[in-house]
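Peer 1: Next one to model:
(one chain, ligands or ions: 1)
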Amino acid sequence: MKRTSIYAAALALVSLGVPQALSAQPVKLTVEANKPVAEIQPSMWGIFFEDINFAADGGIYAELVKNRSFEFLTPMMGWKELKTGNASGKVLIENRGDAHINNPRFAHVTVDAANGGFGLTNEGFRGMGVKEGEQYNFSILVRNSENSPVKLTVELVSADGKKIGECSLDGFKDGWNQYTASLTSKATDAKARLNIIFTGKGSVDIDMVSLFPHHTWKNRPNGLRADLVQLLYDLKPGFVRFPGGCIVEGRDLANRYQWKTTVGKVEERKQIINRWNTEFSWRPAPDYFQSYGLGFYEYFLLSEDIGAEPLPIINCGMACQYNTGEVVPMNQLEPYVQDMLDLIEFANGDATTKWGSLRAQMGHPAPFNLKMLGVGNEQWDEQYVDRYKVIAKTLKEKYPNIKLVASSGPSPDGDRFDYLWKELKALNGDLVDEHYYQSPEWFYKNASRYDSYDRKGPKVFAGEYASHTKGGTAPESRNNWEAALSEAALMTGLERNAAVVHMASYAPLFAHIEAWQWNPDLIWFDNLRSFGTPSYYVQKAFANNKGTNVVPILCGGAAVAGKDSLYASSVIDQKSHELIVKVANASASAKATQIEVKGVSVNAKSASCQVMQAQNLADYNTLDTPTKVAPKPAAVKVAGSKLTLTLDGRSFYLIKVKYK
Ligand code: AHR
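Peer 2: Here you go, the predicted model:
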């Protein structure tokens, strides 16, 4: 198809929208493409990963068995006993205590099944998502101290009770050994379950019962759900912040995130309750735990796999100040500081160092090249500054090139925020993490927030933000177009101010449709499918088109930051010689617009344009309509140095053109 006919088709598509009044006079914008005002950090647009909403276990971590090691508070949660024929049997949960401190429990199964069988069925995470024709890898730790002649049949069963896959194991020996087998699913089902059925007579001990799809991201064992990682990969994120969020802090210090318990052999990682299990009484999740199958090694690997810088956040001796607010006494902070130093060694140390050698044993001899880390999450007040000072001093003495991200508290303004910014400026902090879960109105208003920020002080990391149309974490607060459009407007302000805003990430990232605690979220999924929200496509537009340098885009000599409901930013990419303009039109009326490009000559034939818009501000994407609100081609005409287009009402445009 010739380019002209693409534009004709695009025009037809766009004009399918609601009829809109067109402004009489064209809006005139000017881009000064030869006057770069700031460099854009390669890591500018990133992602924020927290195990909330079943993002890890039951989400991106592809394990299908829930409570595989019987370590939930209720050891048999997710499991039920199962008998067929005349069999009988019993399951006893035993606790090895200190003999296996991180994974003390196992199940002692006694079976008497001359015919039929006795065993367990696992319900998975709101069921198990399996696909027809795909291979699933089963593994189990078994100890057969009594040399019992028992055999094991493993069955995949559909929601309506049909057997859709089977494999078997026998020859169990004394001592703990791992046994593996694989099966192929005969059907696609989002709500399958797994049966493990023993036959024969005797007893065995079992632990770490696991079923993984063979096809994970890069087919890694103990891997990640490929469709979910693909959505992240497609974003081209500059960084991955992990593991959160409040999960870093814990409700109390005992339940804080401790990275050392999340690395090494999977069966030796220490599972704990997920803080989102009980956080919101209106969204209880009694079966929400952290198996840490997705631990720090896997987070580093994920970052590398998707071309992003790792940004781990460490606990700084403070539990969540909304919960217990516990702090470790200053004279007992040393282990926390040591954890940070050891983490750097784990990420960057060579294979002769203690922690570098663990990384190498786990499969990654080369360093992960960690360049930054965060100290605490939403911490505030003097107790934070006191602890930050000690951590920052130690870090900078040993690793002056590693950048530190510091907290400005949970709100984007107020006394706590002002106090922390003042202190962090005085301390010459590297990056200050700001969080805003606010209304669309707030987002529009704050598109010019950073225009007046000091360029010489610490840089801004907009580490968690999302537009909430209904306030707070209200269940009705959807990821709709109203929210995404206001985020696009704000993001033009972040981009325009790339001189001071060095990093930004929407939050939270993932939510399971049947198991979420916090809403809205960037990507939603069930056990088989996933989709990006309108906010996802806005993030993608910025992250995929970040350019290398900000260039001014002006209207009447001023930044385009809300006048006539327009918000705009423009960048050049000095490597690809592209000029990229982003414009959000927040008003209901269409606007005839002319963008004059000064200082370079543009290649008319190379121009392209995409629009995001919706019939209604309340429109959102679903599993069945995953791209209802997503970018579509739109028309732009180029004559000489002028780009002409109509900005539809309540729309967001991405315009690209090559220049010389
Ligand atoms: O993103 C959800 C939560 O919001 C994060 O855990 C916390 O940092 C913030 O309060």
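Peer 1: any idea where the helices of the stretch 251-400 of the chain begin and end?
Peer 2: For the stretch 251-400 of the chain, applying DSSP state H, counting those that start in this stretch gives helices covering 296-305, 334-348, 354-361, 381-398.
Peer 1: next one: the second one to chain centre, how far?
Peer 2: Okay, so that is helix 334-348. Helix 334-348 sits 24 Å away from the centroid of its parent chain (Cα atoms, centre = their mean, to the nearest Å).
Peer 1: quick one: that helix to helix 296-305, angle?
Peer 2: 40 degrees (axes from the mean of the first three to the mean of the last three Cα atoms, to 10 degrees).
Peer 1: One more: the longest one?
Peer 2: If you take the same axes, to 10 degrees, helix 381-398 sits at 70 degrees to helix 296-305.
Peer 1: Check whether helix 381-398 comes near the ligand.
Peer 2: No. Against the ligand, helix 381-398 shows no contacts by Cβ under 6 Å from any ligand atom, the least distance being 13.8 Å. For the C-beta atoms, the positions are set from N, CA and C on the backbone; glycine is no exception.
Peer 1: Give me the helices and strands touching that helix, please.
Peer 2: Helix 381-398 sits against helix 334-348, strand 372-375, strand 403-407, helix 415-426, with contacts defined as 3 or more Cβ pairs under 8 Å, 6 or more residues apart in numbering; DSSP states H and E.
Peer 1: Now mean pLDDT, distance to Ile523 and mean neighbour count too, for those, in JSON lines please.
Peer 2: Converted to JSON lines, the helices and strands packed on helix 381-398 look like this (pLDDT from 0 to 100; distance: least, Cβ to Cβ, whole Å; neighbours: other Cβ atoms under 10 Å):
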{"stretch": "helix 334-348", "mean pLDDT": "98", "distance to Ile523": "26", "mean neighbour count": "18"}
{"stretch": "strand 372-375", "mean pLDDT": "98", "distance to Ile523": "22", "mean neighbour count": "23"}
{"stretch": "strand 403-407", "mean pLDDT": "98", "distance to Ile523": "23", "mean neighbour count": "24"}
{"stretch": "helix 415-426", "mean pLDDT": "98", "distance to Ile523": "29", "mean neighbour count": "16"}
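Peer 1: just to revisit the earlier point, any chance of CSV for the helices of the stretch 251-400 of the chain, columns distance to His468?
Peer 2: Listed next are the helices of the stretch 251-400 of the chain as CSV, based on distance: least, Cβ to Cβ, whole Å:
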stretch, distance to His468
helix 296-305, 27
helix 334-348, 33
helix 354-361, 39
helix 381-398, 25
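Peer 1: Can you list the low-confidence ranges for the protein?
Peer 2: Applying pLDDT under 70 to the chain picks out residues 1-24, 471-476.
Peer 1: how about the nearest residue to the residue in it that the ligand sits nearest to, chain neighbours excluded?
Peer 2: Residue of the chain nearest the ligand, by Cβ to the nearest ligand atom: Gly245 (3.1 Å). Leaving aside its sequence neighbours, Gly245 sits nearest to Glu50 (Cβ to Cβ, 6 or more residues apart in numbering; 3.3 Å).
Peer 1: interface residues of the stretch 101-250 of the chain facing the ligand?
Peer 2: By the rule Cβ under 6 Å from any ligand atom, the part of the stretch 101-250 of the chain lying against the ligand is 244-246.
Peer 1: circling back: okay, the helices of the stretch 251-400 of the chain, which one's buried deepest?
Peer 2: Highest mean neighbour count among the helices of the stretch 251-400 of the chain (mean count of other Cβ atoms under 10 Å): helix 296-305, with a mean of 22.
Peer 1: Not counting that helix itself, show me its contacts.
Peer 2: Residues outside helix 296-305 that contact it (Cβ atoms under 8 Å, 6 or more residues apart in numbering) are 49, 61, 217-218, 220, 222, 224, 229, 232-233, 239-240, 242-243, 259, 262-263, 309-310, 312, 343, 346-347, 359, 362, 364, 368, 370.
Peer 1: How is this structure divided into domains?
Peer 2: The chain breaks down by automatic domain parsing into domains covering 21-39+439-660, 41-50+246-410, 79-213.
Peer 1: chain center to the first one, what's the gap?
Peer 2: Okay, so that is domain 21-39+439-660. In terms of Cα atoms, centre = their mean, the centre of domain 21-39+439-660 is set 20 Å apart from its chain centre.
Peer 1: is that domain anywhere near the ligand?
Peer 2: Yes. Against the ligand, domain 21-39+439-660 shows contacts by Cβ under 6 Å from any ligand atom at 464, 507-508, 518.
Peer 1: residues touching the nearest residue to Leu566 once chain neighbours are set aside, list them.
Peer 2: Sequence neighbours aside, Val560 is the residue nearest to Leu566 in space, at 5.2 Å (criterion: Cβ to Cβ, 6+ apart). Going by Cβ under 8 Å, 6+ apart, Val560 touches 29, 492, 553-554, 566-569, 583.
Peer 1: The helix or strand harbouring His435 to helix 415-426, inter-axis angle?
Peer 2: Assigned by DSSP states H and E, His435 belongs to strand 431-438. Between strand 431-438 and helix 415-426, the angle comes out at 160 degrees (the same axes, to 10 degrees).
Peer 1: Convert the C-alpha atoms of strand 431-438 to CSV, please.
Peer 2: Extracted in CSV, the C-alpha atoms of strand 431-438 (Å, rounded to 0.1, in the frame of the first residue of the first chain):
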residue,chain,number,x,y,z
LEU,A,431,17.3,10.9,43.3
VAL,A,432,14.1,11.6,45.2
ASP,A,433,11.2,9.3,44.8
GLU,A,434,7.8,11.0,44.5
HIS,A,435,4.5,9.1,44.6
TYR,A,436,1.2,10.3,43.3
TYR,A,437,-2.1,8.4,43.2
GLN,A,438,-4.3,11.4,42.4
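Peer 1: Run through the strands of the stretch 151-300 of the chain in chain order.
Peer 2: 151-157, 163-169, 177-184, 189-213, 239-242, 272-273, 289-290 (DSSP state E, counting those that start in this stretch).
Peer 1: will you turn these into a markdown table that also has distance to Leu522 and mean neighbour count?
Peer 2: Shown next, in a markdown table, are those (distance: least, Cβ to Cβ, whole Å; neighbours: other Cβ atoms under 10 Å):
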| stretch | distance to Leu522 | mean neighbour count |
| --- | --- | --- |
| strand 151-157 | 31 | 21 |
| strand 163-169 | 32 | 17 |
| strand 177-184 | 33 | 15 |
| strand 189-213 | 21 | 22 |
| strand 239-242 | 13 | 28 |
| strand 272-273 | 25 | 18 |
| strand 289-290 | 21 | 24 |
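Peer 1: Leu404: which of those is closest?
Peer 2: Proximity to Leu404 (Cβ to Cβ) singles out strand 239-242 among the strands of the stretch 151-300 of the chain, at 13.4 Å.
Peer 1: which residues touch the closest one?
Peer 2: Strand 239-242 is contacted from outside by 43, 46-50, 296, 299, 302-303, 306, 308-313, 372, 374, 463, 503, 505, using Cβ under 8 Å, 6+ apart.
Peer 1: Distance from stretch 183-202 to the middle of the chain?
Peer 2: Distance of stretch 183-202 from the chain centroid (Cα atoms, centre = their mean) equals 31 Å.
Peer 1: which residue of the chain sits farthest from its center?
Peer 2: Using Cα atoms, centre = their mean, the residue of the chain lying farthest from its centre is Ala114. It sits 49.3 Å away.
Peer 1: That one should be in a strand, yeah?
Peer 2: Yes. Checked against DSSP: H, G, I helix; E, B strand; the rest coil, Ala114 lies within a strand.
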